[in-house]
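A.B. asks: Quick one: sequence plus predicted model below, questions after.
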Amino acid sequence: MSSRKPTRRDFLRAAGIAVGAAAGARVPAPTASARAVETLADYGGHSTDGRTVTTTSTTGQHLAITAYGDHVVRVRAVRGGETFFADDRYEMVDPANHAGMTGSLRVVDEGAGLTITTGAADGITIVLRKNPLRLEYRRTSDNSLLAGEDATRSMSWNGSVVTQAFTPAASGERFVKGGHGLYGRAPGVDRTGEVVSHNYGARGDHSDQAPAIVPLYLSSRGYAVFVNTTFDTTFSFGASGRYEFSADGHDTSGVRPQIDFFVIEGPGFAALLDRYTRLTGRPRFPRIGVFGLQLSDKNFPSVSDQNWWTTRITALRDAGFPLDVQVHDNRWRAGSGNWSGSWFEFSPVRWPDPAGFKRWATENGVLTTLDYNRNNSNEMAGWIPGPPPGYSFAPADLTGVSDNDAVPDWSNPATRAWVWRVFWTKALDPALGFPGDALWLDEPDEMGPIPHNALAANGQRWAELRNAYFLHFQKGVGQEGWDRYVGTAKRPWTFTRGATAGQQRYGHLWTGDIDSTYSEMREQIRGMQNAGLGGFPYSNIDAGGFFGGVLSDALYRNWVAAWASTSPIWRPHSTGDTAVLGRAASRWPIDQGAAVQADFLKYSRVRYTLLPYVYSIAHAAHATGMPMARAMVIDHQHNGNAYSHDLQYMWGPSILVMPVTTDVDGAVQNVWLPAGTTWYDFWSDARTAGSDTADKAHTTRTGEIVMYVRAGSVLPRYRYAQSTAFLDRTHLEVDVYAGGDGSFAVHEDDGVTEEFRVGSAASTTALTYTDSARRVVVDHPVGTYRGAPTERRYVVRFHGLAAPVGMRVRGGAALPAFTGEAAAVLNGSGQVWDPARKVLSVVTPTIAVVTGGGAAAVVEPSGTAFPTPSGRTVHGAEDAALGGAVIGSRHAGYTGNGYVDFTGATDDFVEWTIAVPSAGTRALGFRYANGGTTDRPLRVSVGGTVVGTLPFAPTGAWTTWATARLTAALPAGSAITVRATATGASGGNLDCLVVD
């Protein structure tokens, strides 16, 4: 292959332009039938200002090409007598970028055409033929054709429809479309050969719900096209041989659509998404609690109130489950507390003390989402009906809309100011002290019956406005409301039922009232990926479906527990009324059977321990547009398997996920494990070589999602906690998978404020694994933030080793060995070999954090054999049998997945069942914390026989841990019970039993 850089003449020859031809040379004329549609005429002249090249045709048409940096060009064309729309007519592109994304264009007139290039050697070249005016887009670095026109396929105008037609797509070229249709549904990720139209619905009922209107598509050839119009768009990706897109003005009396689109060069999909989200705005980064579990009160529409929520959350936490966000649906609101007849204001009956609840919620690590329903707008303070000076549309245009006395026109700045004023004065103003951390903006998507010709407050007709309706709403709440009044103190989490491209910089979406079936689940899996391909990486779905009633155990386990926990937002929600359908209609895990609860707790622990990974990929989505759940095509855009395997995805860079989408236990689902690496089963550590020629047949088990980890992966973890507010950042775990080198950058910040963005108050911790040396380097963080730890212990786990080797930390002596990680932690450091899974764990000493980078811990082989493990065993209290006592995690410093809290009743107990290999006298240690001022004694028995009582004296704080000890004779056996029973009003917080 020649390394010669292509010249201008090469571009012209490749475009079919004779070099040096006379200015009047022509390509073949269009057919007679094509002349019925107006297309670009011949070249009349051009001008340039260094960034924009404007060409005028012989009939007065104007064609403008503008650089937006080195890899993005904007293309606009208008008919004679028309002028280009102002840049701010559509706000899908971040308005600041029209001037801010500067670039330059070099123009060379070759006689028969112009060669226009962006500033970068790997940028875009546009070849503009003169007679007639026709365009081709090429990659400058290798002269490869991206897309182009010919005599019969070009820009055209036909009444109020404008079309850009390209020559047929290249052989093997594939297309994926950003966004999704109604309800978040997508029939597939690969849309090659299809016609795709994602627009606001026109049916005016619940079937209009939740489109993600993103007129963006990506080509496997390494370019993307974004169409800058809010008129209805339709894309043909090769259907009937047509490769084109169009915008339809529906023959309204207002302005007609214009041809206006951006061509973005990658060539990789990751670069395309980065450049697209730079153009339209980076996704708004939520606070860390949003990535925890969210639960609603929808299943309890007749009983949920302030006391219900505190009781309910306490019961959930006592059972060991997490919760970060309470999601209100109707009952909190004043008035009826139902879908209708209630409004955005705390009910004095059901919520008599919102400020008191806020104090309780803060102490318990709970965030609050408040819902707004469009149909109640006219009940809210200050509502003015009708068009300006009112907040709605003309009544004659609303006759077909349900609840047509409450239809806000979000294009009206006054309407947006009104709704924010209500949100602020009724809930969000800090002076009130009320709960309110997020807004659920419900039901702005049932306006289909408004006629296309209806006039909105901003002067646009409904045919042009309706696809921007969601964006205007989120702009009012995000930019004009939250950012102005809340400022940097608290990040917003606002989501609405539907979305418009560019809205991601203000807020997010959810996919509406979906069905509770496996076919729906499959479409939502694909829709989640397509949302990410359109700049919405925080896909938000009613886990388990909305219209499900009582789910089968399998569907609950496979969707609500398994898949939802490995999706961006984990929010079970449904309409099933437990008062009618029974307790099982609830989406709360504590209302389900034992098997469901076990699965839900398993996935809770997986998600919450992986939060450093989850939060870091969420931040990457904000910083670069890379989806959290990335379709396989993002990493494998040239591999056909990636387009056909769209029920699996990459959860970040390292974990491959394929949800189980059948109730049949033991069914076979084929998973594609890409070639070129080894893949580890997440659950068993079994290894499989990747293949592009044969899928791996995976036998499904109900409740166990298919997950694989790529060799060379580095996965950071925290200890499990029941709220992100309780996460112990002084303890960082690192799982590495042998078979390749790897690295990961852990993003951390305060998790709440915007300081990470406006003041760079964040840290990045680099984790690096060198496979040949079996060496892990954990760097000190670069940067810091409010509340950052000043010291850390690291637990490094090596997966996939054939046998254990002795390990050391920072060049020190070989570490002692133990049979469990908790024993090594309590020792201060150590190493553990798990022979069943072939995982070697190394626990470092506590290390002082030095901000600014550089190695904090180097974990590597010591050069000595793995030592004989100590006989010490540690048994977590949270995994023992409990009688009255409950599980907690609020106070850091515990060793496992929590501790046990004796809540106040005499005879509450914790009972461990342990294996004792040989009879004898053993030392029993009970690790505990007592932040009170008096002893909290516990009676200890072995096999039902009391062996002593320990005082459990005060430790000074609930985060200060001590060990109370006694000796006891233990018999040999595999099921020896050790019980600790409260003898007074309460015991302390019990972390674990240590047997020496």
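C.D. replies: Nice, thanks for sending it over.
A.B. asks: where along the stretch 151-300 of the chain do the helices fall?
C.D. replies: In order along the chain, the stretch 151-300 of the chain carries the following helices (DSSP state H, counting those that start in this stretch): 269-280.
A.B. asks: now do the stretch 651-800 of the chain
C.D. replies: With DSSP H, counting those that start in this stretch as the criterion, the stretch 651-800 of the chain has helices spanning 755-758.
A.B. asks: so how many other residues sit close to residue 627?
C.D. replies: When counting by other Cβ atoms under 10 Å, one arrives at 31 neighbours for residue 627. Backbone N, C-alpha and C define where each C-beta goes, glycine included.
A.B. asks: how about it, what does it touch?
C.D. replies: Contacts for residue 627 were tallied using Cβ atoms under 8 Å, 6 or more residues apart in numbering; they are 273, 529, 531-533, 537, 621, 634.
A.B. asks: What of residue 236?
C.D. replies: Applying Cβ under 8 Å, 6+ apart to residue 236 gives the contacts 194-195, 242-245.
A.B. asks: Okay, and which of the residues you listed map to strands?
C.D. replies: Members of the contacts of residue 236 lying in strands (criterion: DSSP state E): 195, 243-245.
A.B. asks: Can you tell me which of those residues has the most neighbours?
C.D. replies: Most crowded among these, counting by other Cβ under 10 Å, is residue 245 at 24 neighbours.
A.B. asks: Can you report how many residues neighbour the nearest residue to that residue once chain neighbours are set aside?
C.D. replies: Spatial nearest neighbour of residue 245, chain neighbours left out: residue 235 (4.6 Å); criterion: Cβ to Cβ, 6 or more residues apart in numbering. Number of residues near residue 235 (other Cβ under 10 Å) recorded here: 23.
A.B. asks: again, but for residue 935
C.D. replies: By other Cβ under 10 Å, neighbour count at residue 935 equals 14.
A.B. asks: That one and residue 192, how far apart?
C.D. replies: Residue 935 sits 72 Å away from residue 192, going by Cβ to Cβ, to the nearest Å.
A.B. asks: now the helices for the stretch 301-450 of the chain?
C.D. replies: 306-318, 354-363, 413-423.
A.B. asks: Excluding sequence neighbours, find me the nearest residue to residue 604.
C.D. replies: Nearest to residue 604 is residue 322, by Cβ to Cβ, 6+ apart, at 5.1 Å.
A.B. asks: how many other residues sit next to that neighbour?
C.D. replies: The burial count for residue 322: 25, using other Cβ under 10 Å.
A.B. asks: now swap in residue 679 and tell me
C.D. replies: Residue 679: 24 surrounding residues under other Cβ under 10 Å.
A.B. asks: Now for it: which residues touch it?
C.D. replies: 656, 673, 687-690, 708-711.
A.B. asks: Show me what it bridges to in the sheet.
C.D. replies: Per DSSP bridges, the residues bridged to residue 679 are residue 688, residue 710.
A.B. asks: which stretches of this protein have low pLDDT?
C.D. replies: 1-36, 202-206 (pLDDT under 70).
A.B. asks: wait, isn't residue 707 in contact with residue 654?
C.D. replies: No. Under the criterion of Cβ atoms under 8 Å, residue 707 makes no contact with residue 654, lying 10.4 Å away.
A.B. asks: So for the most centrally placed residue in the chain, what's the nearest residue that isn't a sequence neighbour?
C.D. replies: Geometric centre of the chain, nearest residue: residue 538, 2.9 Å, by Cα atoms, centre = their mean. Among residues not flanking residue 538 along the chain, residue 568 sits closest, at 4.7 Å (Cβ to Cβ, 6+ apart).
A.B. asks: ok, back up a step: if I look at the residue nearest to residue 604, how far off is residue 565?
C.D. replies: Residue 322 is 10 Å from residue 565, by Cβ to Cβ.
A.B. asks: before we move on, the earlier item: list the contacts of the residue nearest to the centre of the chain.
C.D. replies: So residue 538 contacts 283, 286, 290, 508, 568-569, 618, 621, 628 (Cβ under 8 Å, 6+ apart).
A.B. asks: one more time with 6 Å, if that's ok
C.D. replies: Neighbouring residues of residue 538 by Cβ atoms under 6 Å, 6 or more residues apart in numbering: 508, 568-569.
A.B. asks: Out of these, which is nearest to residue 307?
C.D. replies: residue 569 (27.5 Å; Cβ to Cβ).
A.B. asks: what residues are up against the closest one?
C.D. replies: Contacts of residue 569 (Cβ under 6 Å, 6+ apart): 538, 540.
A.B. asks: before we move on, what about residue 289?
C.D. replies: With Cβ under 6 Å, 6+ apart, residue 289 has these contacts: 324, 367, 724.
A.B. asks: got a winner among those residues for most neighbours?
C.D. replies: In those, the most neighbours by other Cβ under 10 Å go to residue 367, 27 neighbours.
A.B. asks: coming back round to it: any idea whether the residue nearest to residue 538 is helix, strand or coil?
C.D. replies: Three-state call for residue 568 (DSSP: H, G, I helix; E, B strand; the rest coil): coil.
A.B. asks: neighbours around it, how many?
C.D. replies: Count around residue 568 with other Cβ under 10 Å applied: 27.
A.B. asks: my guess is it contacts residue 628, does it?
C.D. replies: Yes. The criterion here is Cβ atoms under 6 Å, and residue 568 meets it with residue 628 at 4.6 Å.
A.B. asks: Find the residues that touch each one of those two.
C.D. replies: Counting by Cβ under 6 Å, 6+ apart, nothing touches both residue 568 and residue 628.
A.B. asks: what's the burial count for the nearest residue to residue 738 once chain neighbours are set aside?
C.D. replies: Leaving aside its sequence neighbours, residue 738 sits nearest to residue 800 (Cβ to Cβ, 6+ apart; 3.7 Å). For residue 800, the neighbour count with other Cβ under 10 Å is 19.
A.B. asks: circling back: which of the ones in strands among the contacts of residue 236 lies closest to residue 127?
C.D. replies: Nearest to residue 127 among these, with distances taken as Cβ to Cβ, is residue 243, at 17.9 Å.
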